[in-house]
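Novice: Attaching a predicted model along with its sequence, questions to come.
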Amino acid sequence: MQFDVVVIGGGLAGLSCAVRLAELGKRCAVVSSGQSALYFSSGSLDLLAQLPDGTPVASPAAALPALAQQAAQHPYSLIGATQVARLATEAEQLLQRCGLQMQGSSEQNHLRVTPLGTSRATWLSPQAIPVLPLAGKLPWQNIAVLGIEGFLDFQPQMAASSLAEEQGITAAVEFLHLPVLDRLRNNPSEFRAVNIARVLDLPEHLAALAEEVKRQAGEAEAIFLPACLGLESDEPLMALRQAVGKPVFLLPTLPPSVLGMRLHQALRQRLQQLGGVFMPGDTVLRARFDGQRITGLYTRNHTDIPLRAQQVVLASGSFFSNGLVADFTGVREPVFGLDVFSKTERADWCQPDLFAAQPYLQFGVQTDTQLRALKQGEAIANLYAVGAVVGGYDPLQQGCGAGVSLIGALHVAQQIAAQEVSV
């Protein structure tokens, strides 16, 4: 099977790269081995929240020169500050073209309210999530945090306690009793956010939901619910706000995440609308080389029938999705045998303090400034690496995981497009 580009990995990096390439007229195939990490995401996207030395970042774009001084191998440093700033704006526009209405800007981080009621700096957030300025407070003094009776993946008491402490407000806790959910409630394995959303999103259940929300919220100025609404769009939430007559917002729950799934589905649908091919449940096992070029990819499902492409993008993720593998011999990239940032001694892979920055989070594939993957110190001519499989940065401590995925994806799409034009 012949394509212009084969992307290995169906997460944020892989899908956004494929979408952009498809927009540029390339025939793309995405090979996805399983559920994307987006299914475990809050739905918010980080660009840069903290420098490696621990300095908080208010303006990601303005902090890029300092990042380059502290972390020369960070993907942003390899790409360059000017290019990163430009691509951040392009990423916001790409998400809009996918039908995702996000709030935020690369010029200024904002705070999102987490499932625990605390606040965390981020770049972009879904419109459904309550946010506030970095130095600001929520605009309400009396909030109702409503759980769902029997739903264990969201703890309103914890959220309310943190909101009261951090924001200095009154946060009441109540639970919604919704008989329409009784069938799900009887089976704990089915009583999850996604299944609840499939029920509550139905228009015929709006009136009962709104009545129960109003009854439990009482005189509260605003209402926070677990993100069990709006699996396909914000329309169910907008309808609930209108029916209740008050601001209603959603807080992410334990996975699977409705807000993360919506992000994944929007990217996948955009790709397929543009004619891209999505291959779920398949895994690239090995590659055929001709010198420093890849000439074929062999997958589990297609056995001896290779996927052929002019360009290949590796977006297979980190240890979570087996894009990187760790064993007693070290850390390796399993498909191509690429050069990897890591530490030789296993004792140096992690810190005893669970909450300290963990060295293994910076392990990953080495690339050049074009994000071409390196093998034995040389760039493979038609293989690029993007997202969590790339090394040189800490997505948690630096708050940049989603940004590295999106910026890297668009940077690689630009390199591929420019190369094709020059040829």
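Specialist: It's in.
Novice: I'd say Leu87 and Ala413 touch.
Specialist: No. Applying C-beta atoms under 8 Å, one finds Leu87 not in contact with Ala413, separated by 9.5 Å. The way it works is simple: take the backbone N, C-alpha and C, and place the C-beta from them, glycine included.
Novice: can you give me the helices in this structure?
Specialist: For the chain, the helices defined by DSSP state H cover 12-23, 60-70, 75-79, 81-97, 156-167, 182-185, 193-200, 206-217, 235-244, 258-273, 401-422.
Novice: Tabulate the ones you listed (TSV), appending mean neighbour count.
Specialist: Formatted as TSV, the helices of the chain follow (neighbours: other C-beta atoms under 10 Å):
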stretch	mean neighbour count
helix 12-23	28
helix 60-70	18
helix 75-79	24
helix 81-97	18
helix 156-167	18
helix 182-185	14
helix 193-200	20
helix 206-217	17
helix 235-244	16
helix 258-273	22
helix 401-422	22
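Novice: would you list those in JSON lines and tack on mean pLDDT and distance to His110?
Specialist: Converted to JSON lines, the helices of the chain look like this (pLDDT from 0 to 100; distance: least, C-beta to C-beta, whole Å):
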{"stretch": "helix 12-23", "mean pLDDT": "98", "distance to His110": "20"}
{"stretch": "helix 60-70", "mean pLDDT": "97", "distance to His110": "11"}
{"stretch": "helix 75-79", "mean pLDDT": "98", "distance to His110": "20"}
{"stretch": "helix 81-97", "mean pLDDT": "98", "distance to His110": "13"}
{"stretch": "helix 156-167", "mean pLDDT": "97", "distance to His110": "15"}
{"stretch": "helix 182-185", "mean pLDDT": "90", "distance to His110": "34"}
{"stretch": "helix 193-200", "mean pLDDT": "96", "distance to His110": "24"}
{"stretch": "helix 206-217", "mean pLDDT": "98", "distance to His110": "25"}
{"stretch": "helix 235-244", "mean pLDDT": "98", "distance to His110": "19"}
{"stretch": "helix 258-273", "mean pLDDT": "97", "distance to His110": "16"}
{"stretch": "helix 401-422", "mean pLDDT": "90", "distance to His110": "14"}
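Novice: Next, format those as JSON lines and append distance to Ala227.
Specialist: Converted to JSON lines, the helices of the chain look like this (distance: least, C-beta to C-beta, whole Å):
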{"stretch": "helix 12-23", "distance to Ala227": "18"}
{"stretch": "helix 60-70", "distance to Ala227": "25"}
{"stretch": "helix 75-79", "distance to Ala227": "30"}
{"stretch": "helix 81-97", "distance to Ala227": "18"}
{"stretch": "helix 156-167", "distance to Ala227": "12"}
{"stretch": "helix 182-185", "distance to Ala227": "16"}
{"stretch": "helix 193-200", "distance to Ala227": "6"}
{"stretch": "helix 206-217", "distance to Ala227": "14"}
{"stretch": "helix 235-244", "distance to Ala227": "9"}
{"stretch": "helix 258-273", "distance to Ala227": "5"}
{"stretch": "helix 401-422", "distance to Ala227": "17"}
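Novice: Show me the beta-bridge partners of Pro56.
Specialist: Gln50 (DSSP bridges).
Novice: That one against Ala63, yeah?
Specialist: No. Using C-beta under 8 Å, Pro56 makes no contact with Ala63, being 9.4 Å away.
Novice: For stretch 20-31, give me every contacting residue.
Specialist: Stretch 20-31 is contacted from outside by 1, 3-10, 14-15, 18, 94, 97, 271, 274-279, 282-284, 297, 299, 307, 309, 409-410, 413, 416-417, 420, using C-beta atoms under 8 Å, 6 or more residues apart in numbering.
Novice: How about stretch 144-152, which residues are buried there?
Specialist: 144-148, 151 (16 or more other C-beta atoms under 10 Å).
Novice: Between which two of those is the distance greatest?
Specialist: The most widely separated members of the buried residues of stretch 144-152, counting by C-beta to C-beta, are Ala144 and Phe151 (16.1 Å).
Novice: Now do the contacts for Gln167.
Specialist: 137-138 are the contacts of Gln167 under C-beta under 8 Å, 6+ apart.
Novice: Against Gln398, how distant is it?
Specialist: 26 Å (C-beta to C-beta, to the nearest Å).
Novice: ditto for Glu92
Specialist: 20 Å.
Novice: before we move on, what about Val404?
Specialist: Taking C-beta to C-beta as the measure, Val404 falls 9 Å from Gln398.
Novice: And for Phe328?
Specialist: According to C-beta to C-beta, Phe328 stands 29 Å off from Gln398.
Novice: and those two? which has more neighbours close in?
Specialist: Neighbours were counted for Phe328 and for Gln398 using other C-beta atoms under 10 Å; Gln398 has more, 26 against 5.
Novice: doesn't Leu48 make contact with that one?
Specialist: Yes. The pair Gln398 / Leu48 is scored as a contact, 6.5 Å apart, by C-beta under 8 Å.
Novice: Wait, Asn142 touches Gly168, no?
Specialist: No. Asn142 is beyond contact range of Gly168, at 11.8 Å (criterion: C-beta under 8 Å).
Novice: Between those two, which is the more surrounded one?
Specialist: A direct count of neighbours by other C-beta under 10 Å for Asn142 and Gly168 places Asn142 higher, at 14 against 10.
Novice: what bridges to the more buried one?
Specialist: Under the criterion used (DSSP bridges), Asn142 bridges to Thr170.
Novice: Tell me who's in contact with it.
Specialist: Asn142 neighbours (C-beta under 8 Å, 6+ apart): 169-170, 172, 219-222.
Novice: ok, 6 Å please
Specialist: 170, 220-221 (C-beta atoms under 6 Å, 6 or more residues apart in numbering).
Novice: Can you tell me how far it is from Phe224?
Specialist: Going from Asn142 to Phe224 by C-beta to C-beta gives 12 Å.
Novice: Which parts of the stretch 251-400 of the chain are strands?
Specialist: In the stretch 251-400 of the chain, strands defined by DSSP state E, counting those that start in this stretch lie at 277-280, 284-290, 293-299, 308-314, 325-327, 330-332, 340-341, 364-365, 372-375, 378-385, listed in chain order.
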